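Engineer: Predicted model and sequence follow; I will ask about them next.
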There are 2 protein chains.
Amino acid sequence: MGNRNSVASPASGQTRDSANLGSPAALDASKLSMTLAKTLKPLQPIETLRFGQSFSDHMIVATYDPELGWSAPEVKPYGPITLDPQCSCFQYGGNVFEGMKAYLGPDGKARLFRPDMNMRRMEKSCARLALPPIDGDVVLELIKRLVNVERRWIPKESGYSLYIRPTVIATRPGLGVTASDHAILYILASPTGPYFAKPVSLLAVSENVRAWPGGTGGHKVAGNYSPGFLPQRAAAEKGYDQILWLFGEDRRVTEAGAMNFFVVVKRDDEDGVDLITAPLDGTILPGVTRASCLALASDPEFHKEISVRLHPQEMVYTMSDLAKWSSEGKLLEALVIGTAVIVGPCNRIGYEGKDIVIPGDGMGPVGTAIRKKILDIQEGRTEWKGWGVVCA
Amino acid sequence: MGNRNSVASPASGQTRDSANLGSPAALDASKLSMTLAKTLKPLQPIETLRFGQSFSDHMIVATYDPELGWSAPEVKPYGPITLDPQCSCFQYGGNVFEGMKAYLGPDGKARLFRPDMNMRRMEKSCARLALPPIDGDVVLELIKRLVNVERRWIPKESGYSLYIRPTVIATRPGLGVTASDHAILYILASPTGPYFAKPVSLLAVSENVRAWPGGTGGHKVAGNYSPGFLPQRAAAEKGYDQILWLFGEDRRVTEAGAMNFFVVVKRDDEDGVDLITAPLDGTILPGVTRASCLALASDPEFHKEISVRLHPQEMVYTMSDLAKWSSEGKLLEALVIGTAVIVGPCNRIGYEGKDIVIPGDGMGPVGTAIRKKILDIQEGRTEWKGWGVVCA
């Protein structure tokens, strides 16, 4: 009707006479076509890199049509996309994304960090928003191909990487409030350095709520993020870098900005420390770095590498708990955790007009050891349980 | 850096040498330029109109740049928009919209219904997502201009109208998780007929939750809608048209699909009926039609036009209340309310494996009288407190 076919260009290489007549085509990495940029951009000096502001020469794009299914994916020059303004992605949200990093190892190989976890999460995010289904294994294959095409964009310096942003947007044309049966998958690559140069300060907030049971806070969907911008701006005006999101009348600690949040607390039984984070109850993003911190903290092999005895705890804890631990001298470290930041320090938490100050600017032996371990795995200096995946 | 300037085309008519050097330009309807389509589309037979699937020949577009401010708005042929894939609207949500209708009156004039309420809401939605500010009065002026340009698209038949969809999308380039300092405002027009041809059935759902205090449920933002698609699909598989969204352990009734929800309940004191809807506590969209129903229900002038005595009640009520009122024979009508549907009947509500069946297929004298009154005002047959606004 009218404009239904005016979105973008038809999926490349797709015809109704294909072998899959009758059932929509699955995403197929073997069909990847390559259209390389005629001129390549100059690499940027790494000291000028800011997170997510520079992009490589190419991107990968595939489109989903309800009759034809997924188009043959294309490597093509990074550039704009053209969409009908009635598209669902503008009107009703419905976009999902992932964040991953590719590192160059000392062996010259490019590695991703536990990318299977991102892919499973992306499959779930698409399902939660009733987007056309994606096969994460195929997306991962495409990501590896893009990393190899863009290999010169991976900075060699430690802490720097090529940030990968797979995105699925809802492109159903029409204003009816219904699931999008059209989509575009695209994968961007952005050279990046350390996300925070210094410790972050957090303002604990309960008048705005990031996520709730039965919502989408446990998925990586676009609409989770923009509602945080206004509180974030208000926090910045008060001198804090990010929000510490609370939930419920008991002021449970959940996440920090767009990151998971951990604290290191001295145990009463003198048996080392607890590494505490909120449980995955549907309001917490199941972060890959979060899961990796918890896995390391319960791993006897890792325990040999760290001077303190670690007890991982996924548990509900509140601002009252934080205040109590702080006043008793038990709150040893506070850590922001995520793909972009990896493991970073939080030096103070503002709450009800006062600051909880974390000793050592937030980071101590636990955060330091976990960060070093994860970076060693990511940058290929250590092989660890298959977490570093070579882009072969 | 790199791709920051590759988004869309530069704002038309904007230069740094303008009189507003130093402060970003405000949106200005007097700067509206016109580029009309070379050929016009044929009008569609009204019986083939489906909500939001056909669009008129033109749209209005203006872009916001943090240094230049709002560009001169343009009437231009309806067509695709071109954006950088890194844009905030794809990655972090951050889009807002409004829904309004233009009707042709018996006097040949085009009218909007209480458009000031939509404009105030749109200003608040932009503020909630930390988008660049818009002046709703200017947007309304642009809407009137578009309605006049697209006058031939307004169907003359009662119940039909030209649906207007003003949209603001976040176009900040860059993956940093921060407020968008770039935006595009566009206004689309879509000829439309009655939204539901027959009564809607609702499935009451508490495992998914539409909105939460401290969230964005009280604003018209894109990200509120896509999380409802999956529950909506599940409801359809069980034979229900839409979701009745519940909230809290006491199973409060909130909204229906993307509409407000009202029930008509016989009073114990024999003094007519209560017209009940959930209060605006931040989890309910402050609907223009909702406010108009409540205003009519408390208006002595309207009382003269209706056979039953009406008592508007904005109050918390639960599924237990609905079930009790139904079993006592007091639940007389159930109404879905919104710009698209205006006032429509709900004939049954599924809850915990049983249906609450509403007498008379959901609509009785109250819904019928309010619907008729609102349509009479919208279609210009009745002048009423300035609610019908002529597009002069």
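Structural biologist: The structure has been received and is ready for your questions.
Engineer: Check which helix or strand the closest residue to A:P80 other than its chain neighbours maps to.
Structural biologist: Closest residue in space to A:P80, ignoring its immediate chain neighbours: B:T82 at 4.7 Å, by Cβ to Cβ, 6 or more residues apart in numbering or on different chains. Backbone N, C-alpha and C define where each C-beta goes, glycine included. Secondary structure from DSSP states H and E places B:T82 in strand B:81-83.
Engineer: Show me what that strand is packed against.
Structural biologist: With contacts taken as 3 or more Cβ pairs under 8 Å, 6 or more residues apart in numbering or on different chains; DSSP states H and E, strand B:81-83 sits against strand A:81-83.
Engineer: For the strand it packs on, list every residue counted as buried.
Structural biologist: A:I81, A:L83 (16 or more other Cβ atoms under 10 Å in any protein chain shown).
Engineer: Run me through the strand neighbours of it, direction for each.
Structural biologist: Next to strand A:81-83 in the sheet, as set by DSSP bridges, lie strand B:81-83 (antiparallel).
Engineer: next one: the strand it pairs with to chain centre, how far?
Structural biologist: 24 Å (Cα atoms, centre = their mean, to the nearest Å).
Engineer: That one - what's its average pLDDT?
Structural biologist: Averaged across strand B:81-83, the pLDDT comes to 98.
Engineer: re earlier: list the contacts of the following helix or strand past the strand holding B:T82.
Structural biologist: As assigned by DSSP H and E, the chain's next helix or strand after strand B:81-83 is helix B:88-91. The contact list for helix B:88-91, computed with Cβ atoms under 8 Å, 6 or more residues apart in numbering or on different chains, reads A:89-90, A:95, A:97, A:165, A:167, A:169, A:222, A:225-226, B:83, B:94-95, B:169-175, B:180, B:182.
Engineer: And for stretch A:302-310?
Structural biologist: With Cβ under 8 Å, 6+ apart, stretch A:302-310 has contacts from A:D271, A:G272, A:V273, A:L275, A:L296, A:A297, A:S298, A:P365, A:V366, A:A369, A:K373.
Engineer: Enumerate the residues of the stretch 1-150 of chain A near chain B.
Structural biologist: A:1-4, A:6-8, A:41, A:44, A:48, A:50-55, A:59, A:78-86, A:88-95, A:97, A:127-130 (Cβ under 8 Å from any Cβ of the partner chain).
Engineer: Taking those residues, please make a PyMOL selection of just the buried ones.
Structural biologist: In PyMOL syntax, the buried subset of the residues of the stretch 1-150 of chain A next to chain B is picked out as below (16+ other Cβ under 10 Å):
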select buried, chain A and resi 2+3+7+8+44+50+51+52+53+54+55+59+78+79+80+81+83+84+85+86+88+89+90+91+92+93+94+95+97+128+129+130
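Engineer: Cross the contacts of helix B:88-91 against helices and list the overlap.
Structural biologist: A:C89, A:F90 (DSSP state H).
Engineer: So the residue nearest to A:P80 sits against A:D84, correct?
Structural biologist: No: contact criterion Cβ atoms under 8 Å: B:T82 and A:D84 do not qualify, at 11.3 Å.
Engineer: Give me the nearest residue to A:I358, chain neighbours excluded.
Structural biologist: A:A334 (4.5 Å).
Engineer: ok, the helix or strand hosting that neighbour: who's next to it in the sheet?
Structural biologist: In this structure, A:A334 sits in strand A:331-338 according to DSSP H and E. In the sheet, strand A:331-338 lines up against strand A:259-266 (antiparallel), strand A:342-351 (antiparallel) (DSSP bridges).
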